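K.L.:
3D model of this:
(chains A and B)
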Amino acid sequence: MWLYVRFPLLLLDREPGAGVAINEPQALLAQRSILEANRAAQAAGVRPGQSLTTARSLCPGLQCRAPCADRMQKQLEQLALWAYRFTPELCLTPEGLLLNVAGSLKLFNGFLPLYRRFQWGFRKRRIPAVYGLGHSPLAAELVSHSTTDISTLLNEHGLLDKNAVIHLLNNLPVKYLPCEDKHQQQLATLGLQTIGAVNALPHTALTRRFGPFFSTLLNRLYGIEADPRKTFRPPDYFYSERQFNGSLTRAEELRFPIAALLGELDYFLQLKQWVNRHMDWQFRYCDGQSDTLSMPVSHQHVDRRRLLRLVLLKLEKFILQGPVDALILQCHRFEPVAQRNDELFQHNAVFDHQRHERYLAVLDKLEARLGENSVWQPALCNEHLPEQTTTQRHPLANTPYSARAESTTRPLWLLPEAYHLREQDGIPCWHKPLQLLQGPERIDNQWWQQRQVRDYYIARADSGALCWVYRDCLQQRWYLHGLFG
Amino acid sequence: MGYAELHCISNFSFLRGASHPHELVERAIELDYQALAITDECSLAGVVRAHIAAKSSSLKLIIGAEFFLSEGLHLVLIAPNRRAYGELSGLITRARLNSPKGEYQLSLNDCAQNTSHCLAIWMPAYEQHCFAQQAPYATTLTEVFKKRLWLGFSRLHRHGEQAFYERCHQLAAPLHIPMLACGNVHMHERQRKPLQDTLSAIRLNTPIQQLGRELLGNSEHYLRELKALEKLYPHTLLEETQRLARRCTFSLDELRYQYPDEVVPKGKNASAFLRELVQAGAHKRWPDKVPATVIQQIEHELALIAELRYEHYFLTVFDIVHYARSQNILCQGRGSAANSTVCYCLYITEVDPSRGQLLFERFISKERDEPPDIDVDFEHERREEVIQYIYRKYGRNHAALAATVITYRSRSAVRDVGKALGFDEALITQLGKSMAWWDKREELIARLQQAGLKGPIAQHFFELVQQILGFPRHLSQHVGGFVISKDPIASLVPLENAAMQDRTIIQWDKEDLEAMHLMKVDVLALGMLSSIRKSLALISEQRGKTLSLQDIPAEDPATYDMLCQADSIGVFQIESRAQMSMLPRLAPRSFYDLVIQIAIVRPGPIQGDMVNPYLLRRQGLEPTVYENNSIKKVLERTLGIPIFQEQVIQMAMVAAGFSGGEADQLRRAMASWGRNGQLDTFRDKLINGMLENNYPHSFAERLFSQMKGFGAYGFPESHSASFAILAYSSAWLKRHHPAAFFAGLLNSQPMGFYSPSQLLQDAKRHGVIVRPFCLNHSQWDYQLEYEQNSPALRMGLRQIRGFSKESAEKLVNARNRDGAFSSLADFFKRVPLSKNYRDALTRADVFGTLALHRRQSQWQVSALEQASPLLPATEDLNDGVQLEQSTEINEVIADYAHTGLSLRQHPMALIRHKAPFAQCQRAADLPRIDNGRFIRIAGLVTCRQRPGTASGVLFITLEDETGNSNIVVWTSVQQRYRRAILEGKLLLIKGNLQRSTPPQQPHGTPLPAVIHVVALHIEDASEQLQLNVASHDFH
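P.N.:
Sure thing, here's the model as predicted:
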């Protein structure tokens, strides 16, 4: 007996009803194309899949930010983790969870109480869910597309009525069969509109025409053949969140959701037999901003109550920037229950062929101590404007652009922001008038964003230092941009 | 201080240059440059335009080209004299012919061997290590070019230019290579830089934001002011540019053209040979006796031809036409050439001079100062044979096709600029859909704004699209303009590879050729010639006796009756909606009436208000008055209304004493809207001439403005007459042999105004029985199947989308060999076909003869495809399953999807019972409805036409199960229902019926009323049917 729970709105970043309606158009951006857009943005015509240029042309005031990576996958896993307590035979599908509840019926006194627990659980989390029930995994998945209440599929003993399921399946449109588009088209041209119609054809005839695929599919659907699925294994990290409607403004009110999340963490750690080393609490505000509170956890054994007190203590010093829309807990530093601490640097570090492994380990530890984004490496970029030619990247990232050997002289130090110099008789002055040595090198670019026309010169300051200045031809001003040596 | 810019590319260096050649020339003139060299990359495609722009000024135009050699060297070659020009052209040809289309390959060795007169400017690489690599070549270059080598240096505000200058100097000085200043100019003004960047983005197929250093770093690559140049370059370098420029004396005007010799047999004189041929032809045309007027005309023409030395041209065209006829390819000359009796005798044209008034001066005259232009139409399917003949006879080096410059239009501009700026596909496609083909340039921006685009980047988008409109994208093969010359063509203009295999084109287009006075023969394709020949062949086959075009009886009353009923679908030139509305009103009853009919239904006469007066006079409702007898002679044949260009010329001759040539010049001045400023001189001459001949001033003024009005648009009578011959022939065939007529049309698609679907519906309305696709009867072409001498039309397999001629031949061969097919399995066993072709047949529902409907045949066919080794092979392809046949409407939709038509019921008939169609009228009901009544009508959109007159009215043709109806949509209604009009396939129109009954003829069948529905409300009802109906859209 399989229960299927499908979450049709998981892709949306904002669930309906959660959070105050935001008037500013906002969108999630991934690799220069729009992932999701809020209502204000959609009203202007912004749609998922559009490029940034298109979106900005339809909605000039659009604000974009990057989404959390794998949020949906994490959410699904979090839900799976919660559902794990009902049955260990749990599988993930792209849109939902598949559970074999046959073995859990006795524990929960029948299907209906179990079903109600599910409904209540997801309602509490404000996650819309659709249910399907069947005698095979596929049947449960497909039944979830029909609008009938699954309780009608139970017989008088509270057990699954197989015939009712089969009857439902027979009347489902063919489009719900999980097969390729070309097969769907072939079925359409043959005039086969319901799954029952397809199943009524002799399977040998189907195999002859479509290969064994359909026969297997139908057999699995109707429970004639087995349909083995990969069971869920809890992930190697912890992620969970609680959503509010923006009514939480004071830290004290967060006590209960924090406790609930810690409870989930506890359950997770017990499953995995791990000890937690680090916690990231993220407070997401109604205006889309968020704050993070990071807490290393150094004790070997975790006492839930002490942990809660620790968190609340840290929170006292933490000032909330506004009404909180969601609270997220993430942990990904664990240790097996019995493991000792390592030193930051190994004694007798030997440069052997496992040097790279050690390099990675050091990187890890630096990041752990200093923070996620504190470790970076400079890299070259294919751009004309000097401030764009260097970027930061993570030490392990791949750079697509390798600099050509350009015969351009660039200063070693580039000011983070060009410094406006005053002018005296047409000569730029940095305390004293500068002596222009070489130039101009003219750069005229970026007209599609903000045109920059600069004449760069190598100049000598009064102190003898060589510096890099430019004259902004549009603003008619001089700027200091960098220093040599 | 003067300056000559010697390194400059135009937008004919495709997707690199950001200015038109004339913009560069004009700017150079403004800047007071001494000279300008247009040096496009391995191309001379833009030089003629530059030449014309520079002609009337003091700027010297220098011809050159730049190359990036295979050794990595960047070279500009300049042609100082005619010989060097020939070398340059030849070099470009060599470089391009050895490479695929759009590319070229040139090595230093090639230059060494082929340029002894060109001047060379070498631009060494800017980057230090590249410079070091190239430095050794300095000696080689000196050896190759000797004293004709310069080193070009550009100040582009790059980093370290001072050091670069010194390096160049150190390289050049010991070898005594003089250095000169050059600009590496890509645009005429700095403000073109965004466009130049956009072109780079299009070229590299990457959005601008991601191009980084692929873009030029700054906007210095433009034509600078002299003052600025003086500050940037040492004096000697600027002077050196002038020194080089002074060595250049070549102008494109020096190019002289020579006709090929092959056309004249050895030992004969061209003039004498031409005379021989003309006389022989005259005797064939008039076997009894050649009329005296004709003889006189021939002498007149031959004398002029001899004086202007055009004999070779006529002989060349004669030779081509003669070949075609020897191969039984139907052909006919068109245009002003049909004014020539010589052409008629040479069988180049078909308009009989003894039956009308021809005006040779419209074709050739002393004053014209340009070679004649003869266009010949050939059967479109066999034109390739003629082209190959020309190549064989003259050789690939002496015969080449003219190019056409493909430029940016609205849609391509929006698409390419959009992609370059980073807009996505979806938005661009949506923009494309919302643009109508008739939108003017000015409206384009408004349209884009309506689509919701705003903000700074949208502003850039608009500006760039405006700028890029009209920019050349690439060269393509012209439809049929051949250049044939005695000297190798490559010495006149470079050749390059066209997209078609084994096809080469010259780098100049038709206008360039005209400006350069090079002879061009237009070898054109006309679908109707193919169609007529096929119809005649079918008739001849059945009769057992040949019926040729000349055998068609003239002036057949039944044919004219048919045309007066506006029953002209499929008839050449008079089948459009506009023509059909005119037919009952003009009611042609003679050949000359057809000549007028063809010429009069055009924007010119309509706007010039010729049509109504003509019709009124024809119907006897208005008196016809002539000023005097000489005017009467000119205008009598058109009832006093000037309709033809020849009449304008004749009037100038008769009323104002112009000579034939002068009068033609007047016509051309009018045609160009007085752009060359000569219109005024002519005006005075005309009016004075008329006053001298005692015409009242008011008449003279009126005549002048009348002539001005349609001088541009009027048709040449000769051209109209040539077409009238084909119009009459096709009408006769339709009237007397409809099955053969439609078979010919359907077998020559694509051509004509109507789709196969519409042609078949018209055929059925004319009583032709159409038999569906049949495995056991159909062939590739449509066939006639005779039953007691009455032909039925059998559908041809060519109509099936995705099927091939070879597959059809396989099918027919198998059938001929072993008899009819008994089952699907039998068919596929005997005719091995790939999966695609099998599917095409199944989808087209051809297995009806085997008692299989579409679904069942698909069921059986899919069994054949996936033969699994584990399953036993059974003969029962049904596997015991009988699928239900689809509904009629779905079958019709599938028919349209896979063949473009259906022989079942018309889609409208199938939905007629449903609301809202139940309240709609049908096309056949309209004649019974009173004028002015409010009606609803619905149908498939088969044609949308916007003639481009000032009123901006749009015509839509709707098709239903009873025929076609014409809907008139005024501009206000167009704006309200723009979406439906542009995208709808099935429309529901509410509007008022308008009918006008033409005055009836004294005898014969009553003429039908002309009916239109003026639309008030337009609704897109396309979801009722997901039909794939193609609409014919045009101006």
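K.L.:
which bits of the stretch 51-200 of chain A sit near chain B?
P.N.:
Applying C-beta under 8 Å from any C-beta of the partner chain, one finds that the stretch 51-200 of chain A approaches chain B through A:51-54, A:56-58, A:60, A:186, A:189-191. In short, each C-beta sits where N, CA and C put it, glycine included.
K.L.:
make a markdown table out of the residues you listed and add secondary structure.
P.N.:
Below are those laid out as a markdown table (DSSP: H, G, I helix; E, B strand; the rest coil):
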| residue | secondary structure |
| --- | --- |
| A:S51 | strand |
| A:L52 | helix |
| A:T53 | helix |
| A:T54 | helix |
| A:R56 | helix |
| A:S57 | helix |
| A:L58 | helix |
| A:P60 | coil |
| A:Q186 | helix |
| A:T189 | helix |
| A:L190 | coil |
| A:G191 | coil |
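K.L.:
closest to B:E127 out of those?
P.N.:
Proximity of those to B:E127 (C-beta to C-beta) peaks at A:T53, which lies at 32.4 Å.
K.L.:
just checking, what's the longest helix in chain A?
P.N.:
For chain A, the helix with the greatest residue count under DSSP state H is helix A:255-272.
K.L.:
filter the residues of the stretch 51-200 of chain A next to chain B down to the buried ones and hand me the ChimeraX line.
P.N.:
With 16 or more other C-beta atoms under 10 Å in any protein chain shown as the criterion, this ChimeraX line picks the buried residues out of those:
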select /A:51,52,53,54,56,57,58,186,189,190,191
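K.L.:
where do the strands sit along the stretch 101-250 of chain B?
P.N.:
B:119-123, B:149-153, B:179-181 (DSSP state E, counting those that start in this stretch).
K.L.:
any regions of the stretch 201-350 of chain A where pLDDT drops low?
P.N.:
For the stretch 201-350 of chain A, applying pLDDT under 70 flags the ranges A:245-247, A:251, A:298-303, A:338-350.
K.L.:
which residues of it lie near chain B?
P.N.:
Residues of the stretch 201-350 of chain A lying close to chain B (C-beta under 8 Å from any C-beta) are A:201-202, A:204-205, A:207-212.
K.L.:
picking up where we left off before, next secondary structure element downstream of the longest helix of chain A?
P.N.:
For helix A:255-272, the following helix or strand on the C-terminal side (DSSP states H and E) is strand A:274-276.
K.L.:
pairing partners for that following strand, with directions?
P.N.:
Here strand A:274-276 is paired, per DSSP bridges, with strand A:334-336 (antiparallel).
K.L.:
picking that back up, point out the other helices and strands that the longest helix of chain A packs with.
P.N.:
If you count contacts as 3 or more C-beta pairs under 8 Å, 6 or more residues apart in numbering or on different chains; DSSP states H and E, helix A:255-272 packs onto helix A:71-83, strand A:238-248, strand A:274-276, helix A:304-316, strand A:324-331.
K.L.:
turn the strands of the stretch 101-250 of chain B into CSV, including mean pLDDT and distance to B:Y754.
P.N.:
Output for those, formatted as CSV (pLDDT from 0 to 100; distance: least, C-beta to C-beta, whole Å):
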stretch, mean pLDDT, distance to B:Y754
strand B:119-123, 95, 58
strand B:149-153, 95, 60
strand B:179-181, 94, 63
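K.L.:
same list (those strands) but as a markdown table, adding mean neighbour count and distance to B:L346.
P.N.:
Putting the strands of the stretch 101-250 of chain B into a markdown table (neighbours: other C-beta atoms under 10 Å in any protein chain shown; distance: least, C-beta to C-beta, whole Å) gives the following:
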| stretch | mean neighbour count | distance to B:L346 |
| --- | --- | --- |
| strand B:119-123 | 23 | 47 |
| strand B:149-153 | 23 | 54 |
| strand B:179-181 | 23 | 56 |
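K.L.:
of all these, which lies closest to B:W732?
P.N.:
Comparison of the strands of the stretch 101-250 of chain B against B:W732 by C-beta to C-beta identifies strand B:119-123 as nearest, at 65.0 Å.
K.L.:
strand B:149-153 and that closest one, what's the angle between them?
P.N.:
Counting by axes from the mean of the first three to the mean of the last three C-alpha atoms, to 10 degrees, strand B:119-123 lies at 40 degrees to strand B:149-153.
K.L.:
so which elements touch strand B:119-123?
P.N.:
Applying 3+ C-beta pairs under 8 Å, 6+ apart, one finds that strand B:119-123 contacts strand B:74-79, helix B:137-145, strand B:149-153, helix B:235-247.
K.L.:
how far out from the middle of the chain is that strand?
P.N.:
From the chain centre to the centre of strand B:119-123 is a distance of 40 Å (C-alpha atoms, centre = their mean, to the nearest Å).
K.L.:
got the CA positions of that strand in CSV?
P.N.:
In CSV, the C-alpha atoms belonging to strand B:119-123 read as follows (Å, rounded to 0.1, in the frame of the first residue of the first chain):
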residue,chain,number,x,y,z
LEU,B,119,50.9,49.6,-53.7
ALA,B,120,51.1,48.0,-50.3
ILE,B,121,50.8,49.4,-46.8
TRP,B,122,51.9,47.1,-44.1
MET,B,123,50.5,47.4,-40.6
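K.L.:
neighbouring strands - and their directions - for it?
P.N.:
In the sheet, strand B:119-123 lines up against strand B:74-79 (antiparallel), strand B:149-153 (parallel) (DSSP bridges).
K.L.:
closest to B:A909 out of the ones you listed?
P.N.:
Using C-beta to C-beta, the nearest of the strands paired with strand B:119-123 to B:A909 is strand B:74-79, at 69.5 Å.
K.L.:
which residues are in contact with the closest one?
P.N.:
With contacts defined as C-beta atoms under 8 Å, 6 or more residues apart in numbering or on different chains, strand B:74-79 is touched by B:6-7, B:37, B:39, B:62-69, B:84-85, B:87-88, B:91, B:111, B:115, B:117-125, B:152, B:182, B:244, B:248, B:250.
K.L.:
filter the residues you listed down to the buried ones.
P.N.:
B:6-7, B:37, B:39, B:62-67, B:69, B:84-85, B:87-88, B:91, B:111, B:115, B:118-125, B:152, B:182, B:244, B:248, B:250.
K.L.:
which residues does B:Q467 contact?
P.N.:
By C-beta under 8 Å, 6+ apart, the contact list for B:Q467 reads B:192, B:195.
K.L.:
okay, it and B:H460: tell me how far apart.
P.N.:
Note on B:Q467: its distance to B:H460, by C-beta to C-beta, to the nearest Å, is 11 Å.
K.L.:
which stretch of helix or strand covers the spatially closest residue to B:G640 that is not a sequence neighbour?
P.N.:
Spatial nearest neighbour of B:G640, excluding adjacent residues (C-beta to C-beta, 6 or more residues apart in numbering or on different chains): B:T624 at 4.7 Å. If you go by DSSP H and E, B:T624 is not part of any helix or strand.
K.L.:
between the helices and strands packed on strand B:119-123, which gets nearest to B:L703?
P.N.:
Among these, the nearest to B:L703 by C-beta to C-beta is strand B:74-79 (49.6 Å).
K.L.:
residues near B:L330, how many?
P.N.:
A total of 22 residues lie near B:L330 under the criterion other C-beta atoms under 10 Å in any protein chain shown.
K.L.:
which residue is the nearest non-sequential neighbour of it?
P.N.:
B:L529 (4.3 Å).
K.L.:
what are the contacting residues of the helix or strand encompassing that neighbour?
P.N.:
Using DSSP H and E, B:L529 sits in helix B:527-543. Among residues not part of helix B:527-543, those counted as contacts by C-beta under 8 Å, 6+ apart are B:328, B:330-332, B:377-382, B:546-549, B:572, B:726, B:729-730, B:733, B:737, B:740-741, B:743-745, B:747-752, B:784, B:786, B:791.
K.L.:
circling back: so which of the helices and strands packed on helix A:255-272 gets nearest B:E425?
P.N.:
Comparing the helices and strands packed on helix A:255-272 by C-beta to C-beta, helix A:71-83 comes nearest, at 25.4 Å.
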